[in-house]
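Asks: Give me the fold of what follows.
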Amino acid sequence: MDSAADTLITVATYNEIQNLPPLVDKILEFAPDAHVLVIDDNSPDGTGRWCDQRAAGDPRVRCLHRTGKLGLGSAIIAGMKYGQEHGYRYVLNMDADFSHDPRYLPALRQAMDPPEGPAADVSIGSRYVPGGGVRNWPWRRQMMSRMVNLYARCLLGLRVRDCSGAYRCYRAELLDRVDLTRVRSRGYSFQEEILWHLKRAGARFAETPIIFADRELGQSKINSREALAALWIIFRLGVRNWLGL
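Replies: Numbering: from 1, shown residues only. Below is the predicted model:
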C-alpha cells in the first residue's frame with residue numbers, strides 16, 4: 001500500500017461503462033489521497049477493460065476482475081478482504097451509479113475520527129437522519145425503503161436509522177473481528193447482515209446525512225425476487241438475534 005493512502009474506496013460494477021469514468025474522476029476530486037478499487041463482475045459492456053486502461057495510467061486506481069455476476073454482497077466482501085490484505089485503515093464502499101454523491105466522501109471519512117467526539121467503526125451515509133433524504137423516488141419506493149429499515153431495526157436490534165444504504169466507511173481493524181465467511185447474504189440483504197455482525201463485534205456507528213439520488217444512466221440491478229430473498233434472510237437473522245444464537 002502507498003503509505004500516503006489509508007482509505008480504499010470500493011465500487012462494485014456490472015455494466016457501468018456510462019457511469020464509471022466520470023465517477024472515478026469525481027471520487028479522486030473529493031478524495032485525492034485515496035485509492036479506488038473497482039470490483040467488476042465480467043461486464044460485457046467493457047467496464048472492466050476501461051478500468052484496466054485507467055489503472056495503467058493512474059496508480060490510485062486498481063481493478064479486481066471476477067468471473068461473472070456473483071452478487072453485490074460478495075463483491076463488497078471481496079473489497080473488504082482486499083483492504084485488509086493490503087493494510088488500509090478504512091474501507092469505504094459506494095455504488096457505481098452516482099446515487100452516492102462523491103461530495104460526501106470527506107464527511108464520511110471525518111466521522112471515523114472526528115476532531116471532537118467519539119470515533120466510529122462504521123460511518124454510514126444516511127438518508128434518514130436530519131439533513132438526509134432521497135431525490136427522484138416515487139412515494140411508494142420511499143415508503144418501502146422506510147418499512148424495510150424499520151423491519152431490520154426491529155428484528156436485528158440495530159439502532160442506526162439507515163440500515164440498508166451501501167454508502168459506508170468501515171474501520172478495517174474492526175472487520176478483522178468478523179468472520180466474513182459466515183456472512184450468508186450475497187444480494188441486497190448484505191447491508192443489514194454486515195451491520196448485525198459488526199454490532200455483535202462491538203462496533204460504534206455514526207450516521208452522516210446524504211441526499212440519495214436515483215440512477216440516471218444504466219439499468220438498476222435489483223428485482224422483486226432479490227427483494228423478497230433479502231426480507232427472508234433478515235427474518236432468519238432476526239430469529240437468531242432474538243433467540244440469542
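
Asks: what comes up buried for the helix or strand bottoming out on mean pLDDT in the chain?
Replies: Ranking every helix and strand in the chain by mean pLDDT, DSSP states H and E puts helix 224-243 at the bottom, with a mean of 72. Neighbour counts over helix 224-243 (16 or more other C-beta atoms under 10 Å) mark 229-231, 233-234, 237-238, 241 as buried. Every C-beta, even on glycine, is put in place using the N, C-alpha and C of the backbone.

Asks: Can you tell me which of those is closest to N149?
Replies: I234 (10.5 Å; C-beta to C-beta).

Asks: my guess is that closest one meets E192, correct?
Replies: Yes: between I234 and E192 there is a contact at 5.4 Å, judged by C-beta atoms under 8 Å.

Asks: what touches both of the two?
Replies: Applying C-beta atoms under 8 Å, 6 or more residues apart in numbering, one finds that I234 and E192 are jointly contacted by 152, 156.

Asks: neighbouring contacts of stretch 15-24?
Replies: Against stretch 15-24 from outside (C-beta under 8 Å, 6+ apart): 11, 13, 36, 38, 43-47, 50-51, 54, 61, 96-98, 102, 215, 217-219.

Asks: can you pull the contacts of V61?
Replies: 24, 35-36, 38, 51, 54-55.

Asks: what residues are up against the closest residue to it other than its chain neighbours?
Replies: In space, and not counting its chain neighbours, V61 is closest to A55: 4.5 Å by C-beta to C-beta, 6 or more residues apart in numbering. Residues counted as contacts of A55 (C-beta under 8 Å, 6+ apart) are 61-63.

Asks: On the pLDDT front, check A55 for me.
Replies: pLDDT recorded at A55 is 98.

Asks: Secondary structure element holding it?
Replies: helix 47-57 (DSSP states H and E).

Asks: quick one, helices of this protein?
Replies: Under the criterion DSSP state H, helices of the chain are mapped to 20-30, 47-57, 72-85, 105-110, 139-156, 172-175, 190-200, 224-243.

Asks: What is the shortest one packed up against?
Replies: Taking 3 or more C-beta pairs under 8 Å, 6 or more residues apart in numbering; DSSP states H and E as contact, the helices and strands that helix 172-175 lies on are helix 72-85, strand 90-94.

Asks: chain center to the helix holding A55, what's the gap?
Replies: 22 Å (C-alpha atoms, centre = their mean, to the nearest Å).
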